[in-house]
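>>> please find the sequence and the predicted model below.
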Amino acid sequence: MRPRLQMLEKSLIERILGEAFQLIANPGVRVAPYVVELLQEAGIRVENGVAHIPETIARRAIETVPRQFSVFDRSGRPAVNYGGDNVHFDPGSSCLNILDPKTQQPRPALAADLVRLVQVAEMLPQFAAQSTAMVCNDVPADIGDWYRLLLVLWYSEKPVVTGAFSASSLHTLLELLAIESGGNDALRAKPRAVFDVCPSPPLNWSEFASQNLVDLARAGVPAEIVSMPLAGATAPVTLVGSIVQHAAECISGITIHQLANPGAPIVWGGAPAIFDMRSGKTPMGAIETAMLDVGCAEVGKSLGMPTHAYLVAGDGRVIDAQVEMESGMSTVLGALAGINMISGAGMLDFLACHSIEKLVIDAEAIASAQRLIEGLEPRTESLAAAMFAQTGLSGDFLKLKETRTLFRKEQHFPSSVIDRGLPVMDEKDPGVLDRAHQRVEELVASYERRPLASDREQEMIAFAQREGKKAGLDGLPSILDPMYEREPRLV
Amino acid sequence: MSESSFSAMRQSIIDGAPDTASGLAQEAVATGVPPLDAINNGYVPGMHDVGEQFARGQMFLPDMMASAEAMRAAMAVLEPALKKQGEERPMAGVVVLGTTKGDIHEIGKILVGTMLTAHGFRVHDLGVDVPGEKFAAKARELGADIVGVSALLTTTMKNQKGVVEALAQAGLRSQVKIMVGGAPVSRRWAEEIGADGYAKDAMSAVALARELMEQKMLHAAKDPA
């Protein structure tokens, strides 16, 4: 039996949805001019930039959302399957800073850091997808979003969770993905990426977000709504009240998206958090934040929607017991809730900082959570009696055939990051940070980039040079950094 | 006016009771209490007390919001009365405040504005979703000493850098100090974008604003031109 976490009674889910449908009708949802005509044509009243969406229209839109869809790896294999209780993890995204691998002090993230993170995530099976994890501060802002996607596509074969920094840059990103996939139709048939789109709380689909929803729907590339109610600040203080707002933001986003292209893939996702009434911070590691995530996903699941949440993040500023306690707890809760894509691994300091060392520690928490949701299974016809029949009271189970056959199924074996008392561990530093650092080094050393087909690589480079020129660059930005012994090089 | 009346004013701020605060202010004006006395001996100590309790973790943000509301209610009565008498509060500095472009959140900014006002700064609040150029234009218009930029989201905090750039482009950078704040913001971020300071909460914002004013004066004394 697969263990499951349920936080909301069915009747409460119905009340949450009832109020969410009320909210999108009245007070309504702020929308951008870009979508006004689309909404009005569907019979939705839009006054002073506020759409009043009737429940019937919203429910029709929900009906056309695909319950299941896949995101594909470079070889065209469905590597992430949104829908049902499937659970996948990807590193947190769009971080401005990184804990420097050598000093463990935060500093602005560089393109070389992103490459290193991608290489590590590529080697870890716990991550079904990559993300455009960092803002590369050494790259001109004008090319920041397509350049980081280029780096991920160049160094990874896994699907990518990404997002555009502006309405116009979305098309540049889609063009890059189409080149990598072999054309727009190929991209639509087997999308390699899913795009996060964020409404502004409360109930506001800005110009940028509205446009992204519509354009992604029309391109047939999956959109992932990242609704961010902050309980007590930009959303009702009660967790359930914030879940209502999250549902209203998701339903209104789905309505805009499905009106633009019924049947286009979209995810019911978010990064809700509580608002700490002492610091004004939004703790991602708070248990209430995890409760919000689980509750929000549960409401989405009740409608059959593919789901996403932001978990596996801690709030401390260094890798310490607090950060890993918070990250581990939310990892387990997200997995038990059956959330399809769980973002956030590697992040700390209220999502302001990434750490590749934390990413490999989080990967261990993820592996444990993945083992947890496999549950307890009766793998033998007789549960224990047949084995006792062989051993009697000698306690000699180590010799049994069953032991040898089944221990790999029953036990998960963590990497060297986790101290399990192996002799080899005694020679290493007893601190998890040092073990994590060593693991990162090993993963980076064993990473080997697999090139794309040469014509596609050339086309991607030509694209990058052309776009770079538009931004006034002479050639591509360097991603070399003297701090790394093995300097990644794009071309 | 008796000490007990000032004490009631102070308590109305601590309690976050706008009606009481406003009523006591009206009573003070009606009975001829100098508005400056009411402000300095009643309401400002109340706000100061609130700030200190907040810093000690004994009061929370919703309490601060209620106190700010009460302070505004009292000042709405006392400032016109002050003007009528041709008086002005001694001014600690001129601050232009706003939430950065793309961000519609203003809780923190309102609290900072209230605390700065309570401590003698003249605050002009530009509201939310404010582009850098607007900060620069208002700073020029008012001859502002300080520009304060708030951001609640990691997605909008990067626009704080745009405000620093806009002020530089407007040629105001040497005259105007910039302070930044907001949930995702840090001292390091402030340094990175070239701001002059970071404040983690409203009370720290007052201390920072005072420090920045001192720096300005020191600079002016060294370089009177």
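Okay, I see it. Numbering: from 1, shown residues only, chains lettered A, B, ... in the order given.
>>> any idea which helix or strand carries the closest residue to residue A:444 other than its chain neighbours?
Spatial nearest neighbour of residue A:444, excluding adjacent residues (Cβ to Cβ, 6 or more residues apart in numbering or on different chains): residue A:119 at 5.4 Å. Yep, even glycine has a C-beta here, placed from its N, CA and C like the rest. Using DSSP states H and E, residue A:119 sits in helix A:111-123.
>>> other SSEs contacting that helix?
Packing partners of helix A:111-123 (3 or more Cβ pairs under 8 Å, 6 or more residues apart in numbering or on different chains; DSSP states H and E): strand A:88-91, strand A:130-131, helix A:144-155, helix A:356-374, helix A:432-446.
>>> looking at the ones you listed, which is buried most?
strand A:130-131 (a mean of 30; mean count of other Cβ atoms under 10 Å in any protein chain shown).
>>> may I have stretch A:273-292 exported as PDB, CA atoms only?
Provided in PDB are the C-alpha atoms of stretch A:273-292 (Å, rounded to 0.1, in the frame of the first residue of the first chain):
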ATOM      1  CA  ALA A 273       4.000  30.500   2.200                       C
ATOM      2  CA  ILE A 274       3.100  31.900   5.500                       C
ATOM      3  CA  PHE A 275       4.100  35.500   6.300                       C
ATOM      4  CA  ASP A 276       6.100  35.500   9.500                       C
ATOM      5  CA  MET A 277       4.500  38.100  11.700                       C
ATOM      6  CA  ARG A 278       7.700  39.000  13.400                       C
ATOM      7  CA  SER A 279      10.200  39.200  10.600                       C
ATOM      8  CA  GLY A 280       8.000  39.800   7.600                       C
ATOM      9  CA  LYS A 281       9.800  37.000   5.800                       C
ATOM     10  CA  THR A 282       8.200  34.200   4.000                       C
ATOM     11  CA  PRO A 283       9.600  31.000   5.500                       C
ATOM     12  CA  MET A 284       9.700  28.200   3.000                       C
ATOM     13  CA  GLY A 285      10.700  25.700   5.600                       C
ATOM     14  CA  ALA A 286       7.900  26.400   8.000                       C
ATOM     15  CA  ILE A 287       5.600  23.500   8.600                       C
ATOM     16  CA  GLU A 288       2.600  25.700   7.800                       C
ATOM     17  CA  THR A 289       4.100  26.500   4.400                       C
ATOM     18  CA  ALA A 290       4.300  22.800   3.700                       C
ATOM     19  CA  MET A 291       0.700  22.400   4.900                       C
ATOM     20  CA  LEU A 292      -0.300  25.100   2.400                       C
END
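>>> which strand or helix spans the residue nearest to the spatial centre of chain A?
In chain A, the C-alpha nearest the mean C-alpha coordinate belongs to residue A:343, at 2.8 Å (Cα atoms, centre = their mean). Remark: residue A:343 resides in strand A:341-345, with elements defined by DSSP H and E.
>>> packing partners of that strand?
strand A:88-91, strand A:308-310, helix A:321-336, helix A:356-374.
>>> gap between it and the chain center?
On the basis of Cα atoms, centre = their mean, to the nearest Å, strand A:341-345 sits 4 Å off its chain's mean C-alpha point.
>>> okay, angle between that strand and helix A:111-123 too, please.
130 degrees (axes from the mean of the first three to the mean of the last three Cα atoms, to 10 degrees).
>>> and the helix holding residue A:119, what's buried?
Neighbour-count burial for helix A:111-123 flags A:111-123 (criterion: 16 or more other Cβ atoms under 10 Å in any protein chain shown).
>>> next one: stretch A:309-328
A:309-319, A:323-324, A:326-328.
>>> nearest to residue B:81, of those?
Checking those against residue B:81 by Cβ to Cβ gives residue A:315 as the nearest, at 46.6 Å.
>>> check contacts around that closest one.
By Cβ atoms under 8 Å, 6 or more residues apart in numbering or on different chains, the contact set of residue A:315 is A:281, A:283-286, A:322-323, A:326, A:348-350.
>>> state the distance from it to residue A:327.
Per Cβ to Cβ, to the nearest Å, residue A:315 is found 10 Å from residue A:327.
>>> got the residues of chain B near chain A?
B:54, B:57, B:60-62, B:102-105, B:107-108, B:152-155, B:158, B:182-184, B:186, B:188-189, B:192, B:200-201 (Cβ under 8 Å from any Cβ of the partner chain).
>>> and those, which of them are in helices?
B:54, B:61-62, B:107-108, B:154-155, B:188-189, B:192 (DSSP state H).
>>> list only those of those flagged as buried.
B:54, B:61, B:107-108, B:154-155, B:188-189, B:192.
>>> okay, helices next: where are they in chain B?
Using DSSP H, helices in chain B cover B:3-15, B:18-30, B:35-38, B:44-55, B:61-84, B:107-118, B:132-142, B:154-157, B:159-169, B:187-193, B:202-222.
>>> output the ones you listed in a markdown table, with mean pLDDT appended to each entry.
A markdown table is the format used below for those (pLDDT from 0 to 100):
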| stretch | mean pLDDT |
| --- | --- |
| helix B:3-15 | 94 |
| helix B:18-30 | 97 |
| helix B:35-38 | 94 |
| helix B:44-55 | 90 |
| helix B:61-84 | 92 |
| helix B:107-118 | 83 |
| helix B:132-142 | 96 |
| helix B:154-157 | 78 |
| helix B:159-169 | 95 |
| helix B:187-193 | 89 |
| helix B:202-222 | 88 |
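>>> packed most tightly, which of the ones you listed would that be?
Greatest burial across the helices of chain B, using mean count of other Cβ under 10 Å, falls to helix B:107-118, with a mean of 26.
>>> how far does the one helix or strand residue A:57 maps to sit from its chain's centre?
Taking DSSP H and E as the definition, residue A:57 sits inside helix A:55-64. Centroid separation between helix A:55-64 and its chain, computed with Cα atoms, centre = their mean, is 26 Å.
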